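Colleague: I would like the atomic coordinates for the input below:
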Amino acid sequence: MAKKVYTCATCGALAEEPGHLCNPAGEPMTCAYCGEKAAHTKHFCKGKLEDIKYVCDQCGRLSTSADLLCKPKEVPTS
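Modeller: So this is what the prediction gives:
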């Protein structure tokens, strides 16, 4: 079975996961944390914003865990 590929509507970049694109085109995805169907992968789950500790230095995605990002760095605290 072929892997699904997502395309960035802004720059045309391709990725197997829509969360690694700045403006993914295609069907909304279901958030693994809250279950919400989001039109954009960068929605903020209710109750998770205070848990955000990392940001991807490549695409800007936020996460509670460094292993979910391609180039993680800690979110500045000040």
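
Colleague: For the residue nearest to the spatial centre of the chain, grab phi and psi.
Modeller: By C-alpha atoms, centre = their mean, the mean C-alpha position of the chain lies nearest to Gly19, the distance being 3.1 Å. Note on Gly19: its backbone torsions stand at phi -70, psi -10 [degrees, to the nearest 10].

Colleague: Likewise for Tyr54?
Modeller: Dihedral angles for Tyr54 - degrees, to the nearest 10 - are phi -130, psi 150.

Colleague: which residues touch it?
Modeller: Tyr54 makes contacts with Leu62, Ser63, Thr64, Ser65, Ala66, Leu68, Leu69, Pro72, Lys73, Glu74, Val75, as judged by C-beta atoms under 8 Å, 6 or more residues apart in numbering. Where you see a C-beta, it was placed from the backbone N, CA and C, and this is true even at glycine.

Colleague: Give me the nearest residue to the fifth one, chain neighbours excluded.
Modeller: The one in question is Ala66. Nearest residue to Ala66, sequence neighbours excluded (C-beta to C-beta, 6 or more residues apart in numbering): Pro72, at 3.9 Å.

Colleague: Right, I'll leave it there.
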